[in-house]
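1. Please work out how this folds:
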Amino acid sequence: MKIRKGRSRVKLGLSCLLALVCVVGIGVSAYKLIVWKIDSENTKNQTGEIQELANVNEKDDDENTKVVKQKEPDPKTGPYWDYIKMKLIDVDFSELKRKNKDTVSWISVGGTNINYPVVQTTNNDFYLNHTFDRSYNEAGWVFADFRNTVDGKDKNMIFYAHGRVDGTMFGTLRNALTNGWLSNEANFTVRTSNARENALWQVFSVYHIPTTNDYIQTSFYSDAEFQKFVNKLMKRSAYNFHTNVTGTDHILTLSTCYSETERVVLHAKLIKYSTRE
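-> Residues are numbered from 1 along each chain as shown. All right, here's what the predicted structure looks like:
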């Protein structure tokens, strides 16, 4: 009898422990959901304020506009010829810099909700969990790799942001992997603006990949090394954009999370820019 009672007590104890673990688990999940919603609401509020604060205009080509020399796209009736006719965006950064001195650029990606100021600091950690006003927020913000100069001189300029499921930050970058996005050639462009120049980029590769750092190289010893690098990026692409990229080109890389162990990555090459006065 004593043995049976002892076993019953052990079972009861295990049941209570299991119930406690479940309750704690539910509590933690509920807490994380509440925090996520608060962060999301804060991000949306800041985005709305920025849209009112920012002065983002489209600008016609002028004497400062340059089309990047490249191998002639084929065919001559291809989308490239429509892209280079697109207007650039021109951003007044004065108010944005007053709100956050780390502001270095603006980015707009075709066929997505990505239309944000870009920040940069001395590391790639701070803006993973701080928003544009520099307050703590797990949603983070769009930021440039700290190694980049963001002045058009780097061979590979890299922007990061979280892939938020509510579509904020780079949450809609995964659209670039869908047939709906890929079926519309008008989506294959990225426009940026910074203190030095306004620029237009043509997408040449998009993919999701297990987490790696082999696509975030920012400097290269030679054009030949860079050519080998971009060839690797093009081979990875989930879609053939029929875009020529050479060792003399400059590229833009956008990186975000696809899952806990994978990333969505988009690459585009510079095809037109205008030096700001």
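2. From now on I want contacts and neighbour counts done on CA atoms only, so please keep to that.
-> OK.
3. How about P79: what's its closest non-neighbour residue?
-> E185 (6.8 Å; C-alpha to C-alpha, 6 or more residues apart in numbering).
4. Distance of that neighbour relative to V203?
-> For E185, the distance to V203 equals 10 Å [C-alpha to C-alpha, to the nearest Å].
5. neighbour count winner among those two?
-> V203 (23 against 17; other C-alpha atoms under 10 Å).
6. Quick check on the residue nearest to P79: phi, psi?
-> Taking degrees, to the nearest 10, you get phi -60, psi -20 for the backbone angles of E185.
7. Is it in contact with Y80, as I believe?
-> No: using C-alpha atoms under 8 Å as the test, E185 is too far from Y80 to be in contact (9.5 Å).
8. can you give me the helices for the stretch 151-277 of the chain?
-> Remark: helices assigned in the stretch 151-277 of the chain by DSSP state H, counting those that start in this stretch are 179-182, 223-236.
9. What are the contacting residues of the longest one?
-> By C-alpha atoms under 8 Å, 6 or more residues apart in numbering, the surrounding residues in contact with helix 223-236 are 155, 204-207, 215, 220, 245-248, 267.
10. Narrow these to those that are buried.
-> If you count burial by 16 or more other C-alpha atoms under 10 Å, the buried members of those come out as 155, 204-207, 215, 245-247, 267.
11. Put together TSV for the helices of the stretch 151-277 of the chain, with distance to T211, mean pLDDT and mean neighbour count on each row.
-> Shown next, in TSV, are these (distance: least, C-alpha to C-alpha, whole Å; pLDDT from 0 to 100; neighbours: other C-alpha atoms under 10 Å):
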stretch	distance to T211	mean pLDDT	mean neighbour count
helix 179-182	23	96	14
helix 223-236	14	97	16
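12. could you dump those helices to CSV with distance to V68?
-> Listed next are the helices of the stretch 151-277 of the chain as CSV, based on distance: least, C-alpha to C-alpha, whole Å:
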stretch, distance to V68
helix 179-182, 24
helix 223-236, 16
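13. Figure out which of these is closest to Y160.
-> Nearest of the helices of the stretch 151-277 of the chain to Y160, taken as C-alpha to C-alpha: helix 223-236 at 17.1 Å.
14. now the closest one, how far from the centre of its chain.
-> A distance of 20 Å separates the centroid of the chain from that of helix 223-236, by C-alpha atoms, centre = their mean, to the nearest Å.
15. export that helix as PDB, just CAs?
-> Presented in PDB, the C-alpha positions along helix 223-236 are these (Å, rounded to 0.1, in the frame of the first residue of the first chain):
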ATOM      1  CA  ASP A 223      37.300  43.900 -60.500                       C
ATOM      2  CA  ALA A 224      38.000  40.200 -61.300                       C
ATOM      3  CA  GLU A 225      37.300  39.300 -57.700                       C
ATOM      4  CA  PHE A 226      34.100  41.300 -57.700                       C
ATOM      5  CA  GLN A 227      33.000  39.600 -61.000                       C
ATOM      6  CA  LYS A 228      33.400  36.200 -59.400                       C
ATOM      7  CA  PHE A 229      31.400  37.400 -56.400                       C
ATOM      8  CA  VAL A 230      28.400  38.700 -58.500                       C
ATOM      9  CA  ASN A 231      28.500  35.600 -60.700                       C
ATOM     10  CA  LYS A 232      27.800  33.600 -57.500                       C
ATOM     11  CA  LEU A 233      24.900  35.900 -56.600                       C
ATOM     12  CA  MET A 234      23.400  35.500 -60.000                       C
ATOM     13  CA  LYS A 235      23.600  31.700 -60.000                       C
ATOM     14  CA  ARG A 236      21.700  31.700 -56.700                       C
END
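16. Many thanks, we can stop here.
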